[in-house]
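Student: Task: produce atomic coordinates for the following.
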Amino acid sequence: MPRSFNYSYDPTKEYLQFVDNSEFVVDGVLTNFPPTASEAIACLAHNQKMLVVRDPLVISHNGASGVYAASSNLAYQQAIRDGADAIDCSVQMSKHEIPFCLASVDLTGDTTAVTTFMARASLVPEIQSKTGIFNFHLT
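Tutor: Okay, here's the model as predicted:
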């Protein structure tokens with residue numbers, strides 16, 4: 001089966017990779033975006049040209065999180081280079097109410113600075129069952 005890659009913000013091309021090929025047959029499609037899949041398959045079935053969306057609004061998801069670690073400076077810089085119109089950010093707050101971008105309240109899964117903050121690791125059972133380094137403990 002072909003692997004997913006960057007489709008230059010055209011999701012219909014991604015659907016067609018799996019539908020319009022000679023290697024296998026697709027019996028159905030499960031998607032969170034039915035109108036896009038429907039448009040791609042309908043255009044293929046009628047051998048029509050895809051509808052061109054003029055000036056689509058491109059919003060990143062924690063930067064270019066498929067290329068670099070989510071919410072990292074590299075991910076945001078890549079999203080800008082890729083032409084994102086809006087840069088989203090999962091906002092977390094430090095102990096002193098300083099906002100910063102990070103996908104989770106637990107830094108252990110999303111940062112390479114874990115060794116620096118290991119002394120601040122703690123267990124907060126209301127959030128997760130394992131210890132973590134939580135943003136609300138940082139100054």
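Student: Show me how this structure divides into domains.
Tutor: 1-52, 57-89, 93-137 (automatic domain parsing).
Student: Mean neighbour count, these: which tops it?
Tutor: Scoring the domains of the chain by mean neighbour count under mean count of other Cβ atoms under 10 Å gives domain 57-89 as the most buried, with a mean of 17. Just so you know, the C-beta spots here come from the backbone N, C-alpha and C atoms, and that holds for glycine as well.
Student: still on that earlier bit, can you lay out the domains of the chain as a markdown table showing mean pLDDT?
Tutor: Converted to a markdown table, these look like this (pLDDT from 0 to 100):
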| stretch | mean pLDDT |
| --- | --- |
| domain 1-52 | 69 |
| domain 57-89 | 81 |
| domain 93-137 | 81 |
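Student: wait, isn't T12 in contact with T36?
Tutor: Yes - contact criterion Cβ atoms under 8 Å: T12 and T36 qualify, at 6.2 Å.
Student: Identify the residues contacting the spatially most central residue of the chain.
Tutor: Central residue of the chain (Cα atoms, centre = their mean): H61, 4.2 Å from the mean position. Shown in contact with H61 (Cβ atoms under 8 Å, 6 or more residues apart in numbering): 70, 88.
Student: Would you list the phi and psi of it?
Tutor: phi -120, psi 100 (degrees, to the nearest 10).
Student: which helix of this structure spans the most residues?
Tutor: Of all the segments of type helix in the chain, defined by DSSP state H, the longest one is helix 34-45.
Student: Which other helices and strands does that helix contact?
Tutor: Under the contact criterion of 3 or more Cβ pairs under 8 Å, 6 or more residues apart in numbering; DSSP states H and E, helix 34-45 touches helix 11-19.
Student: could you give the angle of the helix it packs on to helix 34-45?
Tutor: On the basis of axes from the mean of the first three to the mean of the last three Cα atoms, to 10 degrees, helix 11-19 is oriented at 60 degrees to helix 34-45.
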